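Enquirer: Okay, sequence plus prediction incoming.
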Amino acid sequence: MPWKECNCMDERLKFVARLLDGEKMAVMCREFGISRKTGYKIFNRFKDCGIRGLEDKARSPYRHPNKTPFQVEKAILKIKREHRTWGAPKIREKLIKEFPVIRPPAPSTIHAILDRHGLVTRRRRKRYKAKGTELSAAQSPNALWCADYKGEFLLGNRKYCYPLTITDQRSRYLLACEGLESTKAVGAFPVFERVFREFGLPAAIRTDNGVPFASPHALFGLSRLSVWWLRLGIAIERIKPGNPQQNGRHERMHLTLKKEATKPASFNFLQQQGRFDEFIEGYNNDRPHQALGGMYPGEVYTPSARAYFHPEVPEYPFHDRTILVTQCGRICIGRRKVNLSTVFAGQYVGIREVADEIWLVSFMDYDLGFFDQNENRVEPVGVNPFAPKVLPMSSE
C-alpha cells in the first residue's frame, strides 16, 4: 500500500517489522509502492535511531536566508501605522530615505508583510450574476434579431444536433437554422458571419445568458461572440434568467420547428440540414402569419442597410496607452501581467491613470474596470455597461 493512502508512521512500522521477520527488501518495496533506495533509507534510520527514526521529519529549513530582518519589518509596520493610506511603493521609498545603508525589500515583500499583519484592505471580487438587460420593442426589420439554440435532439446515427436559430423580431423572418455539433462558439461564429454577409447587420441581438452568447466567468458576462458583436456596433440584449417568455416570438418558432422538422429526426447532419433548409423556405415564404395580418415573413422583411465589415483597430486618443490583450487574456505592461479576461484575447484596450497608481481599462466606448499597483487583475466597474446610455446604437 502506498504511503499516501495511510498513516506514514504506521506504514513504516509495518514495513520494518516485516523486514525483521525475514522478508526480502525488493518484494516489500514493490508491495508498499516505494523505491528500494527509500526502503533501505527507512530501514537504516530504524537501525540508527530506533522507532523515533521512523517519525516524520520537519521539512522547513533551519534558516531563511531571504527572510526580512525583524528590525526592517518593524520599521515597515511603523511607517504604515503612521501613514494608513500608503501602499508598498511609498513605504519602500520612505525606508530608503530613513535607512540608506540597508537593502530595501521589494514592494511585493513589503505588501506581503503588511498583508500578514492585517494591514491590507482586500477588495472582494464581484462575481457576475446574470440579471438580464433592458429590452426594446422592434418597430422595423433589423432593429432587433433574436438568437438561441433549440433544444438538442438525437439523430439516427446517435449524434446530438444543436440547431442554432436566428430570427428578425419585427417580421418573424427566419434568418438561419443551422444544425451544429455543440453550442461552442467555434461553430456559432461562421453561422453569424454568413448571416451578416447575406442580410447585413442588425441594431441589436437578443439572447439568453448561456454559452456562447454569454460567459458567467467573464467581466459582465461577456463572451468572445458578444465582444465581436460589440466591435460591429451591435447592441446586446439579454433576457432575464428563467424567463424564456421574454424571447417569446422566437420560442414560438422553435415549437413549430420541432413539430415540422425534427420528428422523426433524420439519420445524419446532412439530411437533417436539408429538412431545416426546407423549413426555412416554407416558414418565410409559404406560411401566413396571424400577427402579420396574414402576410408571409418574407413579404415584411427587408435586408439591413448596414453592410457587414471587418472592424478596424479601435483608437483611444484620451488614454495613456493602447494595448493588445494576449491570448491568455492579460494586459502586459513591461514585465507586469494584469489579468483581464480571455474573451478579450486579440482585442485592443485603452488604459489611463485616473488616480495615483490606479488605472482605468476601456474597450471601445465601454469602461470595464480598474487595477492598481498591487493587484494584478482588473476589478469591474460598478456601472452596468449594457445600460441604455452606453449601448453603441439605440434599437428604437
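Expert: Thanks, I have it.
Enquirer: any idea which helix or strand carries Tyr162?
Expert: Using DSSP states H and E, Tyr162 maps to strand 160-168.
Enquirer: Return the list of strands paired to that strand, each annotated with direction.
Expert: strand 145-149 (antiparallel), strand 153-154 (antiparallel), strand 174-180 (antiparallel) (DSSP bridges).
Enquirer: And the strands in this protein?
Expert: Assigned by DSSP state E, the chain shows strands spanning 145-149, 153-154, 160-168, 174-180, 204-207, 235-238, 321-324, 330-333, 336-339, 348-355, 358-363, 366-372, 379-380.
Enquirer: can you list the residues that contact the second one?
Expert: Counting contacts by C-beta atoms under 8 Å, 6 or more residues apart in numbering, the residues outside strand 153-154 that touch it are Tyr160, Cys161, Thr262, Ala265. Yep, even glycine has a C-beta here, placed from its N, CA and C like the rest.
Enquirer: The closest residue to Ser362 other than its chain neighbours: what's it in contact with?
Expert: Spatial nearest neighbour of Ser362, chain neighbours left out: Gly350 (4.7 Å); criterion: C-beta to C-beta, 6 or more residues apart in numbering. Each residue near Gly350 by C-beta under 8 Å, 6+ apart is listed here: Pro314, Tyr316, Phe318, His319, Asp320, Arg321, Thr322, Ile323, Val361, Ser362, Phe363.
Enquirer: Do you know the pLDDT at the last one?
Expert: Right, the one you point to is Phe363. We have a pLDDT of 93 for Phe363.
Enquirer: can you check the third one too?
Expert: pLDDT for Phe318: 89.
Enquirer: That one is in contact with Ile351, isn't it?
Expert: No: using C-beta atoms under 8 Å, Phe318 is not in contact with Ile351; the gap is 11.2 Å.
Enquirer: what about these two, which has more around it?
Expert: More crowded of Phe318 and Ile351, by other C-beta atoms under 10 Å: Ile351, with 21 against 8.
Enquirer: Check the gap between the more buried one and Ile91 for me.
Expert: Using C-beta to C-beta, to the nearest Å, we find Ile351 at a distance of 25 Å from Ile91.
Enquirer: Ok, Gly118 next?
Expert: Gly118 is 16 Å from Ile91, where distance means C-beta to C-beta.
Enquirer: Looking at those two, which is more packed in?
Expert: Shown here are Gly118 and Ile91; by other C-beta under 10 Å, Ile91 has more neighbours (24 against 8).
Enquirer: Make sure that one is actually in contact with Ile110.
Expert: Yes: in terms of C-beta under 8 Å, Ile91 counts as a neighbour of Ile110; the distance is 5.5 Å.
Enquirer: list residues touching both of these two?
Expert: In terms of C-beta under 8 Å, 6+ apart, Ile91 and Ile110 are both contacted by the residues Ile76.
Enquirer: Mind picking out the helix or strand in this structure with the poorest mean pLDDT?
Expert: helix 107-116 (a mean of 80; mean pLDDT, DSSP states H and E).
Enquirer: so the longest helix along the chain versus strand 160-168, what angle?
Expert: Counting by DSSP state H, the longest helix found in the chain is helix 269-285. Taking axes from the mean of the first three to the mean of the last three C-alpha atoms, to 10 degrees, helix 269-285 and strand 160-168 form an angle of 20 degrees between their directions.
Enquirer: Report all helices and strands that helix 269-285 contacts.
Expert: Using 3 or more C-beta pairs under 8 Å, 6 or more residues apart in numbering; DSSP states H and E, the elements in contact with helix 269-285 are strand 160-168, strand 174-180, helix 248-261, helix 297-300.
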